[in-house]
Every structure is written in structure tokens, then in C-alpha cells.
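Asks: heads up, no residue letters with this:
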Ligand SMILES: Nc1nc2c(c(=O)[nH]1)N[C@@H](CN(C=O)c1ccc(C(=O)N[C@@H](CCC(=O)O)C(=O)O)cc1)CN2
């Protein structure tokens, strides 16, 4: 029987568990602070940033929202990040991705102080993750691990196929899953747009993680019986509705759910975990910077 993995439920449980960490910080006179920086007119990016701010308000993290016009020079963004690095009330900083084309993404990621880098995108934090000593696990891959754990899916020794090689999801997901660590120890294949015969690869997988950003790329015919399917794609597809679009995953949900042992929906699957794990990382950043011991979930 198909088993839907309810991301909202798992995310709510993690948020409830994080509440006691916030209390511990408050007892030590620390209010964790998160700065979100948006340099984009993209509607989806605006939505994600306001969801992050709302989640901060809900849990007791102080949110600082900075908007920089999409056509401003790169220097303005870099200067603002420098100011945030030095602000003692700000423990976590994230720059919403993607940034405009005229801005050098690497320069932006390197400008965020590694101890404030709650996205885990700074090269120092990427290096720590790769060498098995993560400081901040990138939010979406960490959320996928939490979803698998909640669904009682043991990754040890499993064949995992990740479809997509982005720095935000595909590559850190690979690094987390191959680690000799809890929720790791998997055999991982990373596929991408140049992969030949993608279906042959995904059919070998016990677990398929779809993160290509291509609506309904993966259907039932590309899955093995009883595969676990994690759909990271949140694609806006134009419709005639009042909203103007609908959200579609990278997996053709209706066909895939017939075959999968467990599957995440879109919306309501991985997305909510991205937000919860950002709160997790912000609390960790505050605890590290303020030298307070917290028991993170
Ligand atoms: N600096 C970062 N930029 C981006 C990241 C990131 O982790 N850090 N990830 C993605 C987008 N993203 C977070 O920013 C994100 C995507 C989706 C969701 C989510 O909860 N989606 C909901 C649906 C929301 C909707 O109505 O559109 C769901 O799937 O249920 C949260 C965060 C790129 N950029």
C-alpha cells in the first residue's frame, strides 16, 4: 500500500522540539536572530522568504528582513552582509537564492561569516560537510534525512539515486548520505541532465530523490517496485486559475504513488522541512556564538 510521507506533520514535530532549545537560550538571555536577505523580484523567492520570517515569528526567533533592489550593484549586497556579520543580535544570515545574474553567487556565499551561515553554503561549511564534520547541514538535504527517518526508512546499504546536482540540494544530499553516520552509509548515484538512460539508473534505486527542477520528470515506469520516492521539486506551472499557477513536483505523483512504498507530495512534502531545518540551524548558530549548550533534535 502506498504510504504518503506527511512533511507538514514531521516539520511541526521538529518545530515543537526546537521550542525547548529556544527556552534554554532565553534562560541564558539569548534571543536567536535570523537575517533573511532578498535581492530578487521573483515571486517564489518572495514567498519562501516570507515563510521563513513567519516561521521565526511562530517559534520565537527574531527575524530581520533585508530587501535589496534586484538591479542594485553587487557591492551593495556584499556591504549589507558585512554589516550583518558584525551585528551581535544577528546569529544567522541567509541570502535567498538565486541572486540576479549580475551578482557573483560565490562572492556572496563567501561573504557570509561561516559561523552565521545557516544555509551551510559557505566553502568552509561545505568542506566540513564533505569531510564528515558538518557544522550547518544544508536545510533541504537535512530535511530529507529527517523525512526518511520519520518514515522509518533506513539508508544504510541502500542504493540511493539523486536526480539533480545543485549546490543547494543534489551535492550536499550526496555528501550527507555517503557519510559514515546516522541516516547515511548509503550507496549514492548522482544523475543530472547529461546522464544517459536516466530511467535505467532510477530503476536500480531503493530510494529516489528527485531534485532536478523539471516538472514531472519521473513517472511510475522509472521506479522499482517498493521504491521510496522523495520529491524535492517545487515547480510553478502556469494555469488558468486565479492564482495563475499550480505547484508540481519533479515526480508524476499520481502514477508514482501506485508503485512507491512511500512518497512525498508536493506541496506538503520536503518544503516544510526546509523551513524547520533553517530554524534548527539558526538555533545552533545562536548556541555556538553565545556558548550555550542546547539539545537539538
Ligand atoms: N538561501 C536559500 N535559497 C534557496 C533555498 C535554500 O535552502 N536557501 N532553497 C530553495 C527554496 N526554498 C527555500 O528557500 C524553499 C522551497 C519550498 C518551500 C516550501 O515550503 N514549499 C511549500 C510550498 C510553498 C508555496 O506555496 O509555494 C511546499 O512544498 O509545501 C520552502 C523553502 C531555493 N532557494
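Replies: Now that the structure is in, tell me what you want to look at. These numbers come from a predicted model, not from an experiment.
Asks: immediately after the helix or strand containing residue 56, which helix or strand?
Replies: Taking DSSP states H and E as the criterion, residue 56 maps to helix 43-59. Downstream of helix 43-59, the first helix or strand assigned by DSSP H and E is strand 62-67.
Asks: which secondary structure elements does that following strand contact?
Replies: The contact analysis (3 or more CB pairs under 8 Å, 6 or more residues apart in numbering; DSSP states H and E) places strand 62-67 against strand 33-38, helix 43-59, helix 74-85. Using the backbone N, CA and C atoms, a C-beta is placed for each residue, glycine as well.
Asks: most tightly surrounded among these?
Replies: Highest mean neighbour count of the helices and strands packed on strand 62-67: strand 33-38, a mean of 23 (counted as mean count of other CB atoms under 10 Å).
Asks: secondary structure class of the residue of the chain found nearest the ligand, three-state.
Replies: The chain approaches the ligand most closely through residue 271 (2.3 Å), counting by CB to the nearest ligand atom. Under DSSP: H, G, I helix; E, B strand; the rest coil, the three-state class of residue 271 is helix.
Asks: quick check: closest non-adjacent residue to it.
Replies: Using CB to CB, 6 or more residues apart in numbering and skipping the chain neighbours, the partner closest in space to residue 271 is residue 234 (5.6 Å).
Asks: which ones are touching that neighbour?
Replies: With contacts defined as CB atoms under 8 Å, 6 or more residues apart in numbering, residue 234 is in contact with 44, 247, 249, 266-267, 270-271.
Asks: the same query, at a cut-off of 10 Å, please.
Replies: Residue 234 makes contacts with 44, 47-48, 213, 247-250, 266-267, 269-271, 274, as judged by CB atoms under 10 Å, 6 or more residues apart in numbering.
Asks: need the helices for the stretch 101-250 of the chain, in chain order.
Replies: Assigned by DSSP state H, counting those that start in this stretch, the helices in the stretch 101-250 of the chain fall at 105-111, 123-130, 139-150, 170-178, 198-202.
Asks: give me the pLDDT for the nearest residue to residue 239 once chain neighbours are set aside.
Replies: Leaving aside its sequence neighbours, residue 239 sits nearest to residue 246 (CB to CB, 6+ apart; 5.0 Å). Here, the pLDDT recorded for residue 246 equals 97.
Asks: for residue 6, give its distance to residue 151.
Replies: As judged by CB to CB, to the nearest Å, residue 6 and residue 151 stand 9 Å apart.
Asks: name the residues contacting each of those two.
Replies: In contact with both residue 6 and residue 151: residue 264, using CB under 10 Å, 6+ apart.
Asks: contact residues of the chain facing the ligand?
Replies: Contacts of the chain with the ligand, taken as CB under 6 Å from any ligand atom, map to 47-48, 51, 94-97, 119, 139-140, 168, 234, 247, 266-268, 271-272, 274-275.
Asks: among those, name the buried ones.
Replies: Buried members of those, scored by 16 or more other CB atoms under 10 Å, are 48, 94-97, 119, 139-140, 168, 234, 247, 266, 268, 271-272, 274-275.
Asks: still on that earlier bit, just the local confidence number for the residue nearest to residue 271, please.
Replies: 97.
Asks: and if you look at the one 5 residues further on?
Replies: As summarised for this prediction, residue 239 has a pLDDT of 97.
Asks: pLDDT of stretch 173-189, averaged?
Replies: 97.
Asks: got the helices and strands packed on strand 62-67 as a markdown table, with mean pLDDT columns?
Replies: Shown next, in a markdown table, are those (pLDDT from 0 to 100):
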| stretch | mean pLDDT |
| --- | --- |
| strand 33-38 | 98 |
| helix 43-59 | 98 |
| helix 74-85 | 98 |
